[in-house]
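quick one, fold the following:
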Amino acid sequence: MLYSISMKKYLPWVAGLVGIVVLLSWGRLNPPQDIFWKDTKIACLPNGHANLALHIHPDLQILVDGVAEKVPAHIGDTPSCMTEVHTHDDTGKIHAEATTANKTFTLADFFAVWGTSIERPGYTLTATIDGTPETNPSALTLKDGQKIVLAYTKTIDTSLIAPQN
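Next comes the predicted model:
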């Protein structure tokens, strides 16, 4: 009988200790699931700018018929999610960030987060990377310090031009 009285005395302490161990282990046993930007494979950064192993800044300039067009601020940056590829302001500086150093992003990833296509109907696209022509800008891997220029020129519909005699 003495034994059962002693166990009853310590049972709440043992149960509390087991509960604490379970709670402390819960995060490791059930890691948080990645959250992705709508309709993309680009993840939201779990801690904003904290714990980054990769943080690069390519610059994007967009010209439409020779006129500069601003890249909008806060692409991929909302109160609930800051994606791995985003902007903070309208300078054209792209922030490509990840918690792993070997992750790569393409220009297509950035446009997917932006929610727009790199192609524009009625325009011809000419792209240069650091002054060198690029034939497939969507597949371009983003790198620190890159100067990316996308020049859109209105396509002339030659079917509307009257033939000259």
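
contact partners for the closest residue to Phe36 other than its chain neighbours?
Setting aside the residues directly before and after it, Phe36 is nearest to Ala43 in space (Cβ to Cβ, 6 or more residues apart in numbering), at 5.5 Å. Every residue, glycine included, has its C-beta placed from N, CA and C. When contacts are counted by Cβ atoms under 8 Å, 6 or more residues apart in numbering, Ala43 touches 34-37, 83-84.

for stretch 60-75, how far is the first residue from the last?
End-to-end distance for stretch 60-75: 13 Å, by Cα to Cα, to the nearest Å.

what does stretch 68-77 give?
Using Cα to Cα, one end of stretch 68-77 lies 23 Å from the other.

just the buried positions in it, please.
71, 75-77 (16 or more other Cβ atoms under 10 Å).

what do you get for stretch 42-60?
Taking 16+ other Cβ under 10 Å as the criterion, stretch 42-60 shows 42-45, 52, 54, 56, 58, 60 as buried.

got CSV for those residues, with distance to Thr132, secondary structure and pLDDT too?
Listed next are the buried residues of stretch 42-60 as CSV, based on distance: Cβ to Cβ, whole Å; DSSP: H, G, I helix; E, B strand; the rest coil; pLDDT from 0 to 100:
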residue, distance to Thr132, secondary structure, pLDDT
Ile42, 26, coil, 93
Ala43, 30, strand, 92
Cys44, 33, strand, 93
Leu45, 31, coil, 90
Leu52, 29, coil, 91
Leu54, 24, strand, 94
Ile56, 19, strand, 97
Pro58, 14, coil, 98
Leu60, 15, strand, 98
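
now those residues in TSV, with distance to Ala151?
As requested, those are exported to TSV (distance: Cβ to Cβ, whole Å):
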residue	distance to Ala151
Ile42	25
Ala43	31
Cys44	32
Leu45	31
Leu52	32
Leu54	29
Ile56	23
Pro58	17
Leu60	12
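
could you list the domains of the chain?
Here the domain parsing of the chain from automatic domain parsing is 1-31, 54-154.

what's the most buried one of the ones you listed?
When the domains of the chain are scored by mean count of other Cβ atoms under 10 Å, the highest mean neighbour count falls to domain 54-154 (a mean of 16).

name the helix or strand for Asp151, please.
In this structure residue 151 is Ala, not Asp. In this structure, Ala151 sits in strand 147-154 according to DSSP states H and E.

this completes my enquiry, with thanks.
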